[in-house]
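Visitor: next come a sequence and a model predicted from it.
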Amino acid sequence: MIKVTRLNGEVLYLNVLQIESMESIPETKIKMMDGYYFLVKDSADSILDQIRAFIHSCIVYTDAKE
C-alpha cells in the first residue's frame, strides 16, 4: 500500500497492484483498475518512489553461499 493525500487533505492508502495509470494535470490523477480515479496532492514522482520502495520491500535477497 502507498499513502497519498487527496486535494481536501484526506489521507488514502492505495493498493499499488490496482493502479492502472497516473497523470499530472497539475495535481496527480491516479486511475485504478476498476475505473475509479483519485486526485491527489502528491507528485507522480513521489508516488513512483513509494511504489519502488514497496516493491523493493517485498523482495527477499539471500546470499548465494547459504
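Guide: Here it is on my side, so go on. Numbering: from 1, shown residues only.
Visitor: point out where this structure drops to low pLDDT.
Guide: Scanning the chain for pLDDT under 70 picks out the ranges 64-66.
Visitor: please enumerate the strands of it.
Guide: Assigned by DSSP state E, the strands in the chain fall at 2-5, 11-14, 19-24, 28-32, 37-40.
Visitor: of those strands, give the one that comes closest to Val60.
Guide: strand 2-5 (20.3 Å; CB to CB). All C-beta spots, glycine's among them, are computed from the backbone N, C-alpha and C.
Visitor: what helices and strands are in contact with the closest one?
Guide: Counting contacts by 3 or more CB pairs under 8 Å, 6 or more residues apart in numbering; DSSP states H and E, strand 2-5 is packed against strand 11-14, strand 37-40, helix 44-58.
Visitor: what's the neighbour count on Arg52?
Guide: Neighbour count of Arg52, defined by other CB atoms under 10 Å: 11.
Visitor: now it: how far from Ile25?
Guide: Separation of Arg52 from Ile25 (CB to CB, to the nearest Å) stands at 22 Å.
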